[in-house]
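this is a predicted model, with the sequence first.
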Amino acid sequence: MDGVTDIRSRKRGPIDPPHIDAASWRMLVELAAELSARLPLAEHAQHRADLQHITTQLDSLLQRFTPPKGAA
């Protein structure tokens with residue numbers, strides 16, 4: 001362990017919240033809506049589970065970029 005270097009955490013200034021341009025956000029919302037609409041139509045349980053997993057991940061991503069309530 002002679003080559004191990006300690007990494008000290010530095011105090012950083014305020015971190016900007018994640019942001020995305022309006023067109024990209026709209027595309028993500030449309031994709032999430034389309035996936036949600038197709039979820040009940042999946043014939044196989046594995047396909048349904050895969051679509052559910054993708055939809056959940058996409059929803060989590062959208063939550064990161066959704067502006068807080070009351071934001072202009």
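Perfect, thanks for sending it.

alpha carbons only for contacts and neighbour counts from here, please
OK.

mind listing the helices for the chain?
Ranges of helices in the chain, per DSSP state H, are 22-38, 45-65.

what is the neighbour count of D21?
8 (other CA atoms under 10 Å).

per-residue pLDDT, it?
The model reports D21 with a pLDDT of 85.

can you check D6 too?
pLDDT for D6: 65.

so who does L28 touch?
Neighbour list for L28: 58, 62 [criterion: CA atoms under 8 Å, 6 or more residues apart in numbering].

hang on, the earlier thing: format the helices of the chain as CSV; extra columns: distance to D16.
As requested, the helices of the chain are exported to CSV (distance: least, CA to CA, whole Å):
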stretch, distance to D16
helix 22-38, 17
helix 45-65, 12
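
distance check, R48 against K69.
Distance, R48 to K69, using CA to CA, to the nearest Å: 32 Å.

what about those two, which has more around it?
For the pair R48 and K69, the greater number of neighbours falls to R48 (16 against 6), based on other CA under 10 Å.

hang on, that one packs against R38?
No. Applying CA atoms under 8 Å as the test, R48 and R38 come out as separate, 9.1 Å apart.

can you give me the pLDDT of the most centrally placed residue in the chain?
Nearest to the geometric centre of the chain sits L61, at 1.2 Å (CA atoms, centre = their mean). Note on L61: pLDDT of 87.

do E34 as well
On pLDDT, E34 comes in at 91.

tally of neighbours for it?
E34: 12 neighbours (other CA under 10 Å).

swap in A42?
13.

list the residues that contact the closest residue to it other than its chain neighbours.
Among residues not flanking A42 along the chain, R48 sits closest, at 5.3 Å (CA to CA, 6 or more residues apart in numbering). Residues near R48 by CA under 8 Å, 6+ apart: 39-40, 42.
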